[in-house]
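>>> need coordinates for the below:
(chains A and B)
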Protein chains: 2
Amino acid sequence: MSILVVGSVALDNIKTPCDFKKDVLGGSAVYFSAAASFFNRVNLVGVVGKDFPRKYITLLEDKNVGIKGLEINPKADTFRWEGEYKNDFADALTLATYLNAFAEFNPYVPKDYQNSQYLFLANIDPDLQQNVLKQMKRPKLIIADTMNFWITSKKNSLTKLITQIDILIINSMEAKLFTEEHNLLKAAQSILKMGPKILIIKKGENGAMLFSKSFMFSLPAFVLGKIVDPTGAGDSFAGGFVGYLSSVNKITPKALKQALVYGNIIASFAVEDFSPKKLFKITKSDIISRYKKYKNLISI
Amino acid sequence: MSILVVGSVALDNIKTPCDFKKDVLGGSAVYFSAAASFFNRVNLVGVVGKDFPRKYITLLEDKNVGIKGLEINPKADTFRWEGEYKNDFADALTLATYLNAFAEFNPYVPKDYQNSQYLFLANIDPDLQQNVLKQMKRPKLIIADTMNFWITSKKNSLTKLITQIDILIINSMEAKLFTEEHNLLKAAQSILKMGPKILIIKKGENGAMLFSKSFMFSLPAFVLGKIVDPTGAGDSFAGGFVGYLSSVNKITPKALKQALVYGNIIASFAVEDFSPKKLFKITKSDIISRYKKYKNLISI
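Residues are numbered from 1 along each chain as shown, chains lettered A, B, ... in the order given. Next comes the predicted model:
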């Protein structure tokens, strides 16, 4: 079952306590695609500018990512994000954001992609997410991500959007901000009442939780001795999650739980190097081997 | 197998966003005893003052907690702690501490207790924990807790103590402070090198991790819709953990993992009411029923 992702494609400058990387490949749609492509063909809709290196496009193509929907704006530069992480790698500090080509981005879904069965609306303006939805025939599963910025500045659009999706993926701070609840379970229940059938709450190094009206799961993260760059961990998580679901093409509680595991595992690889570099390096057998370790970590 | 706990017995004043409770039963040895007594007989060594209500002693006796080692200092008041929790119940803000009878406390282990097989050294001065150790015959398992205050002010004593124990239980902040490592796995490896065979890192609402040189486990917390008072959650966790281990009387990886689950579960009950009130109310069947729910939450 084909997957479509709509989101950002970026060039990132990333500073960590140990290193600094300039102009590395980034963006939510890129991390998601790299992660989901272990399980299925992914098609990407996004925009880059005239400065976007050809080698990054080749990298995506080699990963079996469809780039027919990747618009190249000849008049603008690529979206850029500059971020910094401190010693605990907990939160990214945004140093600068240059929207560039992304400022006028109005996603167009190529005809071939309009009947994709799995749609991931990565974190962009909820009005644009809505525009994408309108162009689609009937996807089997619609998953959306968002961020504190849209929760604060476009709450109405976001609230409308989530009545039309199946799964919302956000982090714990965003869930609390969105609902003004301090308790995560209460926040989750409040979001489920707004429409989505499933809510996933990402908790970074503390794993992830999945809530529905009739069941819930909580899983820890894979334990790592070294984190190199947490950028894109959430989108890689989403990629592993949606990728797995599309590969089994079932939305049962069991499949959702396995998908949550694969989300955790793929995210754990993503943070072990800058940019989605490691996701371009590992193979399915690395994922299977980490799955076994993860199972030993948590099975009771 | 009998359990011995040495720690504080206190009267607490606790302020939360919803309520305020005065002079409620508290202290690490009390929470631990109430939790561990679901699995085994627990004997307590501690001190209270002349103002300690008789009803609290009865409560402990009714719970099958041996209080022969509970010294009553007729010249002093009971140790008091005043704390406050904000909306997220994340960290306790200490408003005041009155050591009172605890100031001159030098734990004496009654002869009957000296050959206890399971010893829990709750969070007190590491020199006093050492004094307790000296009074013991050969316990099968020695478990100790500590806190940031001792890590900062008595690091040498603490470092010496942990060469003589089997299991250290601390929280993630303390593990990082103790080792000056930002990564939990590295912090854990560094502590294991200092002596203990097992390290447990408590992460509050994010569960707990167990590390040894050859295996590790990570388990999420039970998910609660309402937290009333998180005081004593860590000691209740330790009580569930040690209580379960003593009941199976095996220190295998499998038993340790189950003990971690019971620690999480008992702690989840402890925070649902003020003081260890809920631990005095629930029965073994409540624990079994929550165990099943917990298994559904995490089993893959």
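
>>> sec struct for the residue in the stretch 1-150 of chain A positioned nearest to chain B, please.
Using Cβ to the nearest Cβ, residue A:87 is the residue of the stretch 1-150 of chain A that sits closest to chain B, at 4.6 Å. In short, each C-beta sits where N, CA and C put it, glycine included. Under DSSP: H, G, I helix; E, B strand; the rest coil, the three-state class of residue A:87 is coil.

>>> likewise for the one 10 residues further on?
Under the three-state scheme (three-state DSSP), residue A:97 adopts strand.

>>> thinking it is in contact with residue A:82, fair?
Yes - using Cβ atoms under 8 Å, residue A:97 is in contact with residue A:82, at 7.5 Å.

>>> more neighbours: these two, which one.
Under the criterion of other Cβ atoms under 10 Å in any protein chain shown, the comparison of residue A:97 against residue A:82 puts residue A:82 first, with 16 against 13.

>>> neighbouring strands of the host helix or strand of the more buried one in the sheet, and parallel or not?
Applying DSSP states H and E as the criterion places residue A:82 in strand A:80-84. According to DSSP bridges, strand A:80-84 forms sheet pairs with strand A:10-15 (parallel), strand A:93-98 (antiparallel).

>>> which residues does it contact?
A:10-16, A:26, A:92-98, A:100, A:231 (Cβ atoms under 8 Å, 6 or more residues apart in numbering or on different chains).

>>> whichever of those end up buried, select them in ChimeraX.
Filtering the contacts of strand A:80-84 down to the buried ones (16 or more other Cβ atoms under 10 Å in any protein chain shown) takes a single ChimeraX command:
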select /A:10,11,12,13,14,15,16,26,92,98,100,231
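
>>> related to what we said a few turns ago, what sits against the residue of the stretch 1-150 of chain A closest to chain B?
By Cβ under 8 Å, 6+ apart, residue A:87 lies in contact with A:17, B:182.

>>> residue A:60 looks like it's in a helix, true?
Yes - under three-state DSSP, residue A:60 falls within a helix.

>>> run a quick neighbour tally on residue A:112.
Residue A:112: 13 surrounding residues under other Cβ under 10 Å.

>>> can I assume it is in contact with residue A:68?
Yes - under the criterion of Cβ under 8 Å, residue A:112 makes contact with residue A:68 at 6.9 Å.

>>> mutual contacts of these two, please.
Residues touching both residue A:112 and residue A:68 by Cβ under 8 Å, 6+ apart: residue A:43.

>>> roughly how far does residue A:222 sit from chain B?
According to Cβ to the nearest Cβ, to the nearest Å, residue A:222 and chain B sit 8 Å apart.

>>> just say helix, strand or coil for that residue.
Counting by three-state DSSP, the backbone at residue A:222 sits in coil.

>>> what's the closest non-adjacent residue to it?
Excluding the flanking residues, the one nearest residue A:222 by Cβ to Cβ, 6 or more residues apart in numbering or on different chains is residue A:268, at 3.8 Å.

>>> same question for residue A:202.
residue A:171 (4.6 Å).

>>> can you give me the neighbour number for that neighbour?
20.

>>> quick check: phi and psi at it.
Main-chain torsions, residue A:171, degrees, to the nearest 10: phi -100, psi 170.

>>> and the one 5 residues further on, by the same measure?
Main-chain dihedrals, residue A:176, degrees, to the nearest 10: phi -70, psi -40.

>>> what residues of the helix ranked longest in chain A count as buried?
Longest helix of chain A, by residue count under DSSP state H: helix A:253-270. By 16+ other Cβ under 10 Å, the buried positions in helix A:253-270 come out as A:256-270.

>>> report the secondary structure state of residue A:91.
Residue A:91 - assigned by three-state DSSP - is coil.

>>> what does the stretch 201-300 of chain A put close to chain B?
The stretch 201-300 of chain A comes close to chain B at residues A:203, A:205-207, A:209, A:215-221, A:223-227, A:257-258, A:261, A:295-300, as judged by Cβ under 8 Å from any Cβ of the partner chain.

>>> so which helix or strand takes in residue A:165?
Residue A:165 belongs to no helix or strand, assigned by DSSP H and E.

>>> any idea which of the strands paired with strand A:80-84 scores lowest on pLDDT?
Of all these, strand A:93-98 carries the lowest average pLDDT, namely a mean of 94.

>>> centre of the chain to that one, how far?
Distance, stretch centre to chain centre, for strand A:93-98: 19 Å (Cα atoms, centre = their mean, to the nearest Å).

>>> try stretch A:205-220
Distance, stretch centre to chain centre, for stretch A:205-220: 17 Å (Cα atoms, centre = their mean).

>>> model confidence for residue A:1, exactly?
So, for residue A:1, pLDDT stands at 72.

>>> give me the distance between it and residue B:266.
Residue A:1 sits 44 Å away from residue B:266, taking Cβ to Cβ, to the nearest Å as the criterion.

>>> tell me the contacts of residue A:12?
A:21, A:23-27, A:80-83, A:231, A:275.

>>> what's the nearest residue to it if we skip its chain neighbours?
residue A:26 (3.6 Å).

>>> and the one you found, how far from residue A:147?
15 Å.
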